[in-house]
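Engineer: build me a model from this:
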Amino acid sequence: MRKILALCLFGASLVPHLQAQSSLSFSRTISLPGVTGKFDHLAIDSKGNRLFIAATGKHSVEVVDLKTDKIQQSIQGLGKPHGLAWVAETGSLYVADGALAELRVYTGSPLSLAGTIKLSSDADDMVYDAARHQLFVGHGTGEAASPARVAVIDIANFTLTANIAVATHPEALDLDAQGGRVFVNVADSAEVAVIDSSRKEIVAHWKLTKAADNVPMAYDSAQALLYVACRTPGTLLVLDAVNGKEIASAASASGADDLFFDPMSQRLFLISGLGEVDAYQAEAKTLHALGVVKTAVGAKTALFVPDQNLLYVMVPGVGNGDAEVRVFTAGKPGDKK
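Structural biologist: Residues are numbered from 1 along each chain as shown. Predicted coordinates for the structure are as follows:
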């Protein structure tokens, strides 16, 4: 009887692991020789098969050729690169630098600096609205000397066309392309600000009630749902993206830093500095935990690329060790949950 019970308990303990493996499976490791320290956001050039990495510890942006898994270029002279955006229509890489307090644009082959726009300090995440050819960039700490804003950039002329005030530092941005809206996570105020991208002004403030320190977010356009990951306490919220109402929630790891939604499998991947990826199944406006995939301590930033079905997770270099990218394949619809 004890053996049977032990086997049952062992089997039950494997369920989260098996579920997690069905949603993400390890594919390969990309080594980054000479790169140490922490990372922030990433971007992808799908046509050129390049991965752009904000290497804050090295004060650079690393360009990885995904055909060879080798560093193709290292863009130097940066302070603290945070947000990245690759705009294929202009062949341009945009870099928000928090220490230099500016937005930089790089063009050409190899990439070289083509222009800068001054922003407040802590320039961070950004999102590109292709329909309106506008780039939205969060910046500023919220202090008097560094006001919290969302800059609107006309990429055709690389000019600042608006600077929208928010209460405190904007942590993450996401786009409702069809509705012409930009969602902004304002973590210190525990709210989501909603910007009308045509009017370039805030049209709604959605206050969070179940959790705070809302850092990453992800948008499901088909269901009009906004997923918001909070750190206090560790919670993943589901918001009605029409009115901001909190309609569901699930416990998550603390220290959430990145969050991605896979529209094909209807799954979410939450990355935290604990060295794990929490996977969830989104179904009927609810969340079901699929388990945890272990990565490495300090691996808190990533990029999910739907057309590749791949999740790139950044692992910082510790001591004399080189940093690396761990690549995971996402499960397809119909995989065992």
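
Engineer: how many neighbours does residue 208 have?
Structural biologist: 22 (other Cβ atoms under 10 Å). For every residue, glycine as well, the C-beta is placed using N, CA and C.

Engineer: OK, contacts around it?
Structural biologist: Shown in contact with residue 208 (Cβ atoms under 8 Å, 6 or more residues apart in numbering): 190-192, 214, 228, 230, 237, 246.

Engineer: can you tell me which residue is nearest the centre of the chain?
Structural biologist: Centroid-nearest residue in the chain, with Cα atoms, centre = their mean: residue 258, separated by 4.4 Å.

Engineer: pretty sure it is in a strand, no?
Structural biologist: Yes - membership of residue 258 in a strand is supported by DSSP: H, G, I helix; E, B strand; the rest coil.

Engineer: distance check, it against residue 200.
Structural biologist: 27 Å (Cβ to Cβ, to the nearest Å).

Engineer: for residue 72, same thing?
Structural biologist: 36 Å.

Engineer: now swap in residue 160 and tell me
Structural biologist: Distance check for residue 160 against residue 200: by Cβ to Cβ, it reads 11 Å.

Engineer: sorry, back to before: roughly how far apart are the residue nearest to the centre of the chain and residue 313?
Structural biologist: 9 Å.

Engineer: buried sites along stretch 241-252?
Structural biologist: 241, 244, 246, 248-250, 252 (16 or more other Cβ atoms under 10 Å).

Engineer: output it as CSV - backbone C-alpha positions only.
Structural biologist: Provided in CSV are the C-alpha atoms of stretch 241-252 (Å, rounded to 0.1, in the frame of the first residue of the first chain):
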residue,chain,number,x,y,z
ALA,A,241,-9.3,44.9,-23.0
VAL,A,242,-12.5,46.8,-23.7
ASN,A,243,-13.1,48.2,-20.2
GLY,A,244,-10.1,47.1,-18.1
LYS,A,245,-12.2,44.9,-15.8
GLU,A,246,-10.2,42.2,-14.0
ILE,A,247,-11.9,38.9,-15.0
ALA,A,248,-9.5,36.2,-13.9
SER,A,249,-6.1,35.7,-12.2
ALA,A,250,-3.6,33.0,-11.4
ALA,A,251,-0.6,32.8,-9.0
SER,A,252,2.8,33.3,-10.7
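
Engineer: touching that stretch from outside, list them.
Structural biologist: Outside stretch 241-252, the residues touching it (Cβ under 8 Å, 6+ apart) are 176, 183, 192, 194, 204, 206, 208-211, 219-220, 224-226, 229-230, 233-240, 270, 272, 278, 280, 285-289.

Engineer: show me the chain divided up by domain.
Structural biologist: 24-36+212-337, 40-207 (automatic domain parsing).

Engineer: no more questions from me, cheers.
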